[in-house]
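A.B. asks: Requesting a structural model of the entry that follows:
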Amino acid sequence: MFRKILQPFYTAYVFITFLVSILTAFPFFVLISLGNNTAARKAIYTIIKVWTKGWLWAIGMPLKKLGPPPAPGRYIVVANHISYLDPLVLFPAIPGYFRPLGKKETSKIPVVGFIYKQVTIMVDRSSLHSRARSMRLLWKILRNEGSIVIFPEGTFNETPEPLKDFYDGAFRLALNTHAPILPMIFPDTVHRWHYSAWWKFWPGRNRVVYMHPVDTTGLTISDLPALKQKIYSLMEAELIKYTTRA
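C.D. replies: Numbers count the residues shown, from 1 in each chain. Below is the predicted model:
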């Protein structure tokens, strides 16, 4: 009853702070984006990183980092996907510059979509050409700019299991580039902003749990099923462990 009464007020506070801060920063994003180069994208990334950390604290969802801190380097970062909040939590959670693989549909959202296009590599999953093009871009970014972030489940996990089945993309990229895979989990974001409705916000801790990077040196494409299963099992075990500690 207490939560039902307070949730509409808290949700209004979350949306107001989000809109005011985004609209205030939007002209700067537009000006910076005119550069249309790596330096411009990194500047936008830095603003988003600082903003998300501050905004999460202001709305009562501070990030708490657990597990072994990742050493400096370029990784293929894989994380579970269970909330609309996940893409925002990525920025304060991941050390170093990165670009995530994102859904093309999100770019159509006014204001937010413009910013989204500046920092993500967009893919249209219905298009084989788009998927192939995005993989080539990811390879180039990993080699020349920074880390790559992929949600291997592809979309929200609405099953009763800790994880949905993984797609091959992240692991195929890792095997082709021999980049290390950094698994991490977000056990709390589903409780902060539930996927079932846009208004289901509630404050509380946001844990990110890092795992040890998995080396892919010497592996070939024939190792893809085993590599995918290894990462799946690691993340599943951690989600089960930290869910019981919620």
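
A.B. asks: Excluding residues flanking it in the chain, which one is nearest the residue most central in space within the chain?
C.D. replies: In the chain, the C-alpha nearest the mean C-alpha coordinate belongs to residue 87, at 3.8 Å (CA atoms, centre = their mean). Nearest residue to residue 87, sequence neighbours excluded (CB to CB, 6 or more residues apart in numbering): residue 100, at 6.7 Å. All C-beta atoms are positioned from the backbone trio N, CA, C, and that covers glycine.

A.B. asks: What is the neighbour count of that neighbour?
C.D. replies: By the other CB atoms under 10 Å criterion, the neighbourhood of residue 100 contains 22 residues.

A.B. asks: ok, back up a step: did I read that right, the residue nearest to the centre of the chain in a helix?
C.D. replies: Yes - counting by DSSP: H, G, I helix; E, B strand; the rest coil, residue 87 is found in a helix.

A.B. asks: so where's the protein shaky on pLDDT?
C.D. replies: 123-132, 244-246 (pLDDT under 70).

A.B. asks: Scan it for its longest helix.
C.D. replies: helix 2-33 (DSSP state H).

A.B. asks: Could I get the full set of helices for the chain?
C.D. replies: 2-33, 38-58, 86-93, 112-119, 128-144, 169-177, 189-192, 224-243.

A.B. asks: Need these in TSV (columns: distance to residue 78).
C.D. replies: Converted to TSV, the helices of the chain look like this (distance: least, CB to CB, whole Å):
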stretch	distance to residue 78
helix 2-33	27
helix 38-58	19
helix 86-93	11
helix 112-119	18
helix 128-144	13
helix 169-177	5
helix 189-192	15
helix 224-243	6
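
A.B. asks: Looking at those helices, which is nearest to residue 217?
C.D. replies: Comparing these by their distance to residue 217 (CB to CB), the top pick is helix 169-177, with 10.4 Å.

A.B. asks: so residue 47 touches residue 25, yeah?
C.D. replies: Yes - if you go by CB atoms under 8 Å, residue 47 and residue 25 touch, sitting 6.5 Å apart.

A.B. asks: if we can go back for a sec, now the angle from the longest helix of the chain to helix 112-119?
C.D. replies: 60 degrees (axes from the mean of the first three to the mean of the last three CA atoms, to 10 degrees).

A.B. asks: can you pull the buried residues of helix 2-33?
C.D. replies: 10-11, 14, 18, 29, 32-33 (16 or more other CB atoms under 10 Å).

A.B. asks: Repeat that for stretch 97-114.
C.D. replies: Buried residues in stretch 97-114 (16+ other CB under 10 Å): 97-104, 107.
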